[in-house]
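In: Return atomic coordinates for the entry below.
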Amino acid sequence: MSLILGIDPGSRITGFGLIEINGSKLNYVESGCIRTGGGEFPGRLKIIFEEMVTVVETYKPDVVAIERVFMHRNPDSALKLGQARGAAICAAVTNNLEVSEYSPAEIKRATVGKGNANKEQVQHMVKALLNLPGTPQEDAADALAIAICHANTGEMMSQLGAAGAVNLKGRRRGRYR
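Out: Here you go, the predicted structure:
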């Protein structure tokens, strides 16, 4: 059995989701959102870091998967997202956890089957794949999708004999330790 923590970073809302792999079965463990409010940005980063440390220490995941930063329309938003992501990564590596990164398209492909899926499709598939009684909140669903992506990618890589070291395009998967 392996416990995966998925993180959907955001400067105002950071989603987290924990799933357990038991053989080929994925089981829901917990999910939620860290809401930082509207205070000063450094204080919001502190909240993300401290709350992620609490999640890590409470659930003791084996590995962490996080969404890679992408450039959208607003460079300032991308920079803030990167800093929120950094706070979450620091919480994981402070606890000696390996962190894997996935692009939004990789996450959607692994969860929904297509890289351009919308939020509702991701929520629907997370609900179905984890046999949840209700639809998780958007940020929590995204975090669960990231954990599912890691589980699916890790399983696929194991089957290929690569143990997750290199992805299918031959590039090294982003990992921090």
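
In: any weak-confidence spans in the protein?
Out: Applying pLDDT under 70 to the chain picks out residues 71-72, 154-177.

In: quick one, strands of it?
Out: Taking DSSP state E as the criterion, the chain carries its strands at 2-8, 13-22, 25-35, 63-67, 98-102, 175-176.

In: what helices or strands is the fifth one leaning on?
Out: I take that to be strand 98-102. Counting contacts by 3 or more C-beta pairs under 8 Å, 6 or more residues apart in numbering; DSSP states H and E, strand 98-102 packs against strand 63-67, helix 75-94, helix 138-160, strand 175-176. Where C-beta positions appear, they are placed from N, C-alpha and C, glycine not excepted.

In: Among those, show me which one is buried the most.
Out: strand 63-67 (a mean of 25; mean count of other C-beta atoms under 10 Å).

In: Export that strand to CSV, keeping only CA atoms.
Out: Extracted C-alpha coordinates of strand 63-67, given in CSV (Å, rounded to 0.1, in the frame of the first residue of the first chain):
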residue,chain,number,x,y,z
VAL,A,63,5.0,10.6,-1.8
VAL,A,64,3.7,14.0,-2.9
ALA,A,65,2.6,15.0,-6.4
ILE,A,66,2.0,18.6,-7.4
GLU,A,67,0.9,20.5,-10.4
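
In: gap between it and the chain center?
Out: 4 Å (C-alpha atoms, centre = their mean, to the nearest Å).

In: Contacts made by it with the rest, please.
Out: Strand 63-67 has contacts (C-beta atoms under 8 Å, 6 or more residues apart in numbering) with 2-9, 56, 85, 88-89, 92, 97-104, 107, 142, 146-147, 149-150.
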